[in-house]
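S.K.: fold the following, please.
(one chain, ligands or ions: 1)
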Amino acid sequence: MTNKIFEHTDYGQLSEITADVCIIGSGCGGATVAHRLAQAGIDVVILEKGGYYPASTFDNRELNQAAKVDAERALSTDTNASTMLTYGELVGGTSVHYWADSYRTPADRLALWESQYGITGHSAEKLAPIFADIEKIHHIQEAEPFRYNKMNQLFKEAVEALGWGGHPMLQARSGCSGSGHCMQGCAIDAKQSQLVTHIPASLALGTRIYADLKADDFVFEGHRVTQLKASVIDRARNRPNGKTITVKAKHFVVAAGGFNTPAFLLNQPRLRDALPALGKHFGFNPCTYAHGLFDEPIIMWRNIPAAYGVDGFRLPRFDAKGQYIEGGYLLVPDQIQPGLMAYTIPGFNDGAAEWMEKMTHVGGAIGWLDDHPDELGEMKVDGNGVRQIHYPYGPTTQKMLRDLMKKAAIVNFKAGARKVMLGDLKRTTLNSVDEIDRIDAIEIKPGSLTLVAPHPFGGCRMGTDPKTSVTDSSHRVHGIDNLFVADPSVFPTGPSVDPSVSIMAFSYIAAEHIANAMGKKTAPLQNT
Ligand SMILES: Cc1cc2nc3c(=O)[nH]c(=O)nc-3n(C[C@H](O)[C@H](O)[C@H](O)COP(=O)(O)OP(=O)(O)OC[C@H]3O[C@@H](n4cnc5c(N)ncnc54)[C@H](O)[C@@H]3O)c2cc1C
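M.R.: Sure, this is the predicted structure:
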């Protein structure tokens, strides 16, 4: 046991846990709800199926850290095996893995969710002080100039020269050493993951965290969940060790993350039968990249990942006939470590090795699509309860991906790259910006590109009608009085920006409703 974080070796004879509120998952969603409820004097437990890896367990060796931080060793994909699902499974969740770019949910997206999907109580006005609170707690600010690594500098200059809409990126960091290991876990707790922010703050208020404990099945009585059955995970094998623990609580919150919450709920037969929208409207911000080879050393794996970004293409543009023109994504400088680069470049002795040999001079750009709302996917579970993600890569999505590849190549050349390699399996390589039209010949379909999905959402869409949504605007699952969802599964579409701040802000609202249901009030915000 460390502080009040229990681990698989601590469970001994423990067979039952009781609390006012039981939260499943310790990421941005779960840890935020825990903190807000603990501040209100509510007795909270968090169940986390992953292990506890504090900063002291990180040694700045890429593969050692990735083994702790990457869920399923980053080998999980959609059903086409074309998109790598990236997320974290450990105390602190994916925030231990993330880059810490911190965007407020754009007001246009909140307005869309209200007008088109019937969401109430999450307006830009309501969320503004909550965003400010989150920004204060997570030390969110623009990166200072010395935080820009070479790729960040070149990218910024290129974007300015191209006249694209660029901006310094807000970052959740404090006391950064510039080691560049953000994505594998910060060894000095400078990155403001939940391990550094809401988790210690909740522990100090009495929250108990049970790591290596996987939530399995709810027991329902009438319109309430009364118990949760959970399995202890043997960390070395990442498998249940046969021991089970029952959790009894007045309220339950599912915050298992976008890749797990819909699957967890689909594995509860009562909910699967009652809620036809469960698992539907699922998206994950498909992400592609372009590597550039430069004359000068880039060393992209040092300092912070993306100090500067392009949001001028955030919203897609269509012509008067509704034909796609461009956009629908964010574009930023890339930062990958050597191991991940080797893993994502297809092939070996047929040219791929050359890029690895010259890795000190490789930089690049990466972007993620704001999934088109008419071309979303679906999460299902198979007969063994195993998650299956079906994502169609529809016609507009394909156009958006092609446009993103072009913009990523253009910015690399403008930044001085001598050649650019795209993220298709044929490793299409351009020798100058004049060859940009060759991107039109790249086959864009499942299985033809190396795609990554870091930002899942949907599958438990918030709304008013139980036939088309899973929770109401108070985050409560339709038809179950004491069951709430607090993570991006409730978003009706993607937030169109990196989601961590949106997830936390929505979780403040979830906590407000849970506290109210217990006759309590959440604490005043720090800035009000
Ligand atoms: C490489 C990478 C970089 C990113 N960079 C950024 C960025 O710069 N800015 C940004 O805003 N976002 C970024 N993101 C996305 C962001 O990190 C996530 O969207 C966010 O952290 C998700 O929070 P969450 O609480 O929804 O889920 P998670 O953080 O995934 O937490 C869910 C937790 O629930 C646990 N769990 C699941 N099932 C069970 C179960 N049955 N029982 C018990 N526990 C369970 C999981 O182990 C996990 O720890 C990035 C993501 C990745 C992968």
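
S.K.: top helix in the chain by residue count?
M.R.: For the chain, the longest helix by residue count, based on DSSP state H, is helix 395-414.

S.K.: and that one, what does it pack onto?
M.R.: The contact analysis (3 or more CB pairs under 8 Å, 6 or more residues apart in numbering; DSSP states H and E) places helix 395-414 against helix 150-162, strand 287-293, strand 324-326, strand 329-333, strand 362-369, strand 419-422. All C-beta spots, glycine's among them, are computed from the backbone N, C-alpha and C.

S.K.: make TSV from the ones you listed and add distance to residue 486 to it.
M.R.: Formatted as TSV, the entries for those read as follows, by distance: least, CB to CB, whole Å:
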stretch	distance to residue 486
helix 150-162	33
strand 287-293	24
strand 324-326	34
strand 329-333	24
strand 362-369	23
strand 419-422	38
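
S.K.: between those, which gets nearest to residue 125?
M.R.: Closest approach to residue 125 among those (CB to CB): strand 329-333, 24.7 Å.

S.K.: that older thread, what's the closest of the helices and strands packed on helix 395-414 to residue 80?
M.R.: With CB to CB as the yardstick, what comes closest out of the helices and strands packed on helix 395-414 is strand 287-293 (14.7 Å).

S.K.: just the CA atoms of the closest one, as PDB, please.
M.R.: What follows is strand 287-293 as a C-alpha-only set of coordinates in PDB (Å, rounded to 0.1, in the frame of the first residue of the first chain):
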ATOM      1  CA  CYS A 287      -4.600  10.500 -36.700                       C
ATOM      2  CA  THR A 288      -2.000  10.500 -39.400                       C
ATOM      3  CA  TYR A 289       1.500  12.000 -39.700                       C
ATOM      4  CA  ALA A 290       4.200  13.000 -42.200                       C
ATOM      5  CA  HIS A 291       7.900  12.500 -41.300                       C
ATOM      6  CA  GLY A 292      10.300  15.000 -42.800                       C
ATOM      7  CA  LEU A 293      14.100  14.500 -43.400                       C
END
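
S.K.: since we're on the residue of the stretch 251-400 of the chain found nearest the ligand, how many residues are nearby?
M.R.: For the stretch 251-400 of the chain, the residue closest to the ligand is residue 257, as judged by CB to the nearest ligand atom, at 2.8 Å. When counting by other CB atoms under 10 Å, one arrives at 27 neighbours for residue 257.

S.K.: quick check: it vs residue 311, distance?
M.R.: 25 Å (CB to CB, to the nearest Å).

S.K.: what comes up buried for the longest strand along the chain?
M.R.: What stands out as the longest strand in the chain, according to DSSP state E, is strand 239-254. Neighbour-count burial for strand 239-254, counted by 16 or more other CB atoms under 10 Å, picks out 240, 243, 245, 247, 249-254.

S.K.: mind putting those in TSV, pLDDT included?
M.R.: Shown next, in TSV, are the buried residues of strand 239-254 (pLDDT from 0 to 100):
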residue	pLDDT
240	96
243	97
245	98
247	98
249	98
250	98
251	98
252	99
253	99
254	99
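
S.K.: would you convert these into a markdown table that also reports distance to residue 465?
M.R.: Formatted as a markdown table, the entries for the buried residues of strand 239-254 read as follows, by distance: CB to CB, whole Å:
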| residue | distance to residue 465 |
| --- | --- |
| 240 | 37 |
| 243 | 41 |
| 245 | 36 |
| 247 | 31 |
| 249 | 28 |
| 250 | 27 |
| 251 | 24 |
| 252 | 23 |
| 253 | 22 |
| 254 | 20 |
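
S.K.: and the worst-scoring helix or strand of the chain on mean pLDDT, what does it pack onto?
M.R.: With mean pLDDT, DSSP states H and E as the measure, the helix or strand of the chain carrying the lowest mean pLDDT is helix 338-344 (a mean of 86). In terms of contact count using 3+ CB pairs under 8 Å, 6+ apart, helix 338-344 is assigned the packing partners helix 62-69, helix 352-357.

S.K.: mind doing that once more with 10 Å?
M.R.: Using 3 or more CB pairs under 10 Å, 6 or more residues apart in numbering; DSSP states H and E as the contact criterion, the secondary-structure elements in contact with helix 338-344 are helix 62-69, strand 287-293, helix 352-357, strand 362-369, strand 451-453.

S.K.: buried residues in the first one?
M.R.: Applying a neighbour-count criterion of 16+ other CB under 10 Å, one finds 62, 65-66, 68-69 buried in helix 62-69.

S.K.: just give me the closest of those to the ligand.
M.R.: residue 69 (8.8 Å).

S.K.: is it true that the closest one touches residue 96?
M.R.: Yes - Residue 69 lies in contact with residue 96 (CB atoms under 10 Å); the separation is 5.6 Å.

S.K.: shared neighbours of these two, anything?
M.R.: Between them, residue 69 and residue 96 share the neighbouring residues 50, 53, 58, 88-90, 183-185, with contact defined by CB atoms under 10 Å, 6 or more residues apart in numbering.

S.K.: one step back: mean pLDDT for the helices and strands packed on helix 338-344: which is lowest?
M.R.: Looking over those, mean pLDDT reaches its minimum on helix 352-357, with a mean of 88.

S.K.: CA atoms only for that helix - export them in PDB, please.
M.R.: Coordinates of the C-alpha atoms in helix 352-357 are reproduced here as PDB (Å, rounded to 0.1, in the frame of the first residue of the first chain):
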ATOM      1  CA  ALA A 352      12.600   2.000 -43.700                       C
ATOM      2  CA  ALA A 353      16.000   1.400 -42.000                       C
ATOM      3  CA  GLU A 354      17.400   4.500 -43.800                       C
ATOM      4  CA  TRP A 355      14.900   6.700 -41.900                       C
ATOM      5  CA  MET A 356      15.900   5.100 -38.600                       C
ATOM      6  CA  GLU A 357      19.600   5.600 -39.300                       C
END
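
S.K.: could you name the helices and strands sitting against it?
M.R.: Under the contact rule (3+ CB pairs under 10 Å, 6+ apart), helix 352-357 is packed against strand 287-293, helix 338-344, strand 419-422.

S.K.: 8 Å - rerun?
M.R.: On a contact count with 3+ CB pairs under 8 Å, 6+ apart, helix 352-357 meets helix 338-344.

S.K.: mind listing what's buried along the helix it packs on?
M.R.: Under the neighbour-count criterion of 16+ other CB under 10 Å, helix 338-344 has 340-341, 344 buried.

S.K.: what's the answer for stretch 51-59, then?
M.R.: Result for stretch 51-59 [16+ other CB under 10 Å]: buried residues 51-55, 58.

S.K.: for stretch 409-420, same thing?
M.R.: Burial within stretch 409-420, assessed by neighbour count using 16+ other CB under 10 Å, is assigned to 409-415, 417, 419-420.
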